[in-house]
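# Provided below are the primary sequence and the corresponding predicted coordinates.
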Amino acid sequence: MMARAALLLATVGLPAMLAAQAVPAPATPAPIPPQPQNPSPMVEYTRAHERLAPRDLDGTTRSFSGPLGRPVEVFVPATTKRAEALTLVVHFLGSPFIAEYAVSRLGGNDKVAAVVNVGAGSGIYDRTFSDPPVFDSLLAAVGRETSAVLGRPTRFTRIVLSGFSAGHGAIRAILRDSAHFARVDAVLLLDGMHTSYVPEGTVIEKGGTLDERNLVVWERYARAAIRGEKRFLVTHSEIFPGTFASTTETADWLIRTLGLKRT
């Protein structure tokens, strides 16, 4: 509207504008109704890998009743039958196929995968594994299933914990126990290092702060990784939940706390 008025003034000049002042102002036009959103013409070029479609994997899958009576799926790749000392990868929250496919692609002959799903929200994962014997029982049960597949006693010499989104709550609870902290060799957090705001629900922009009580265990594990004692990989997105801290905010906190610099 403003651009049109400026063009009219430049065309007809000041006398016409003065004459127009005596004419009653036109009625306010009706608002334009919202227009439907057009489909995006953009093409994504950033995805490095195609989405995975379930497929048969070369190995053996077994299942048992785990924490809270929920099924735990164990996958023993075919190549693992030649191994003596095993690496166990325990993944929390997600399709078993994704974790099993990832483990099958790691190479070597010493990998076993176990996938645990106990519910929605990090709270149920944290509460379930806050009692240290729960994780001990899980490891023992995975060991029994693996032994049944291989036909001989097994032992896990390395333990890797992986968690997607809310699944990080289980890893957080497991690492709070000093014995388990010492036993876990590596941690992978997939868009899952969350915490609450203080006060609850008050975002940083509105004066809130991060609840660091849920973050200190990650700082401790990261410092062990810096010393070369552990391996620790954190990925995050730019998703902003709004009611609790984003993984961007918690990753920034961890970097600042450790005195590191993004590269």
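Perfect, I can see it now. All values reported here derive from a predicted model rather than from experimental measurement.

# show me where the stretch 51-200 of the chain has strands.
With DSSP state E, counting those that start in this stretch as the criterion, the stretch 51-200 of the chain has strands at 59-65, 71-77, 85-92, 111-116, 155-164, 186-190, 197-198.

# now those strands in CSV, with mean pLDDT, mean neighbour count and distance to residue 241?
C-beta coordinates here come from the backbone N, C-alpha and C atoms, glycine included. Converted to CSV, the strands of the stretch 51-200 of the chain look like this (pLDDT from 0 to 100; neighbours: other CB atoms under 10 Å; distance: least, CB to CB, whole Å):
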stretch, mean pLDDT, mean neighbour count, distance to residue 241
strand 59-65, 97, 15, 32
strand 71-77, 97, 22, 28
strand 85-92, 97, 22, 19
strand 111-116, 98, 27, 23
strand 155-164, 97, 19, 15
strand 186-190, 98, 22, 16
strand 197-198, 96, 17, 10
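
# what is the neighbour count of the closest residue to residue 179 other than its chain neighbours?
Once flanking residues are discounted, residue 179 sits nearest to residue 132: 7.1 Å by CB to CB, 6 or more residues apart in numbering. Neighbours of residue 132 under the rule other CB atoms under 10 Å: 15.

# give the contact list for residue 132.
Contact partners of residue 132, counting by CB atoms under 8 Å, 6 or more residues apart in numbering, are 177, 179, 180.

# likewise residue 194?
122, 165, 166, 168, 214, 241, 244, 245, 246, 247, 250.

# which of these tops the neighbour count?
residue 168 (31 neighbours).

# what about the residue lying closest to that one once chain neighbours are set aside, neighbour count?
Among residues not flanking residue 168 along the chain, residue 192 sits closest, at 3.5 Å (CB to CB, 6+ apart). Look at residue 192: counted by other CB under 10 Å, it has 26 neighbours.

# do residue 138 as well
The tally of other residues near residue 138 (other CB under 10 Å) stands at 21.

# what does the one 5 residues further on give?
Each residue near residue 143 was counted by other CB under 10 Å, and the total is 19.

# from residue 155, how far out is it?
With distances taken as CB to CB, to the nearest Å, residue 143 is found 8 Å from residue 155.

# try residue 70
25 Å.

# also residue 184?
According to CB to CB, residue 184 stands 16 Å off from residue 155.

# also residue 245?
39 Å.

# how is the residue nearest to residue 232 when sequence neighbours are not counted assigned, secondary-structure-wise?
Excluding the flanking residues, the one nearest residue 232 by CB to CB, 6+ apart is residue 225, at 3.9 Å. Secondary structure for residue 225, judged by DSSP: H, G, I helix; E, B strand; the rest coil, is helix.

# residue 225 contacts residue 219, doesn't it?
No: Residue 225 is not in contact with residue 219 according to CB atoms under 8 Å; the separation is 10.7 Å.

# pLDDT below threshold where in the stretch 1-150 of the chain?
By pLDDT under 70, the low-scoring segments of the stretch 1-150 of the chain are 1-40, 42, 44, 47.

# okay, and the beta partners of the closest residue to residue 90 other than its chain neighbours?
In this structure, residue 90 finds its nearest non-sequential neighbour in residue 114, 4.9 Å apart by CB to CB, 6+ apart. Beta-bridge partners of residue 114, counted by DSSP bridges, are residue 74, residue 90.

# for residue 189, same thing?
residue 163, residue 234.

# ok, residue 156 next?
residue 86.

# wait, what's in contact with it?
By CB under 8 Å, 6+ apart, the contact list for residue 156 reads 86, 87, 88, 112, 139, 142, 143.

# try residue 121
Residue 121 touches 166, 169, counting by CB under 8 Å, 6+ apart.
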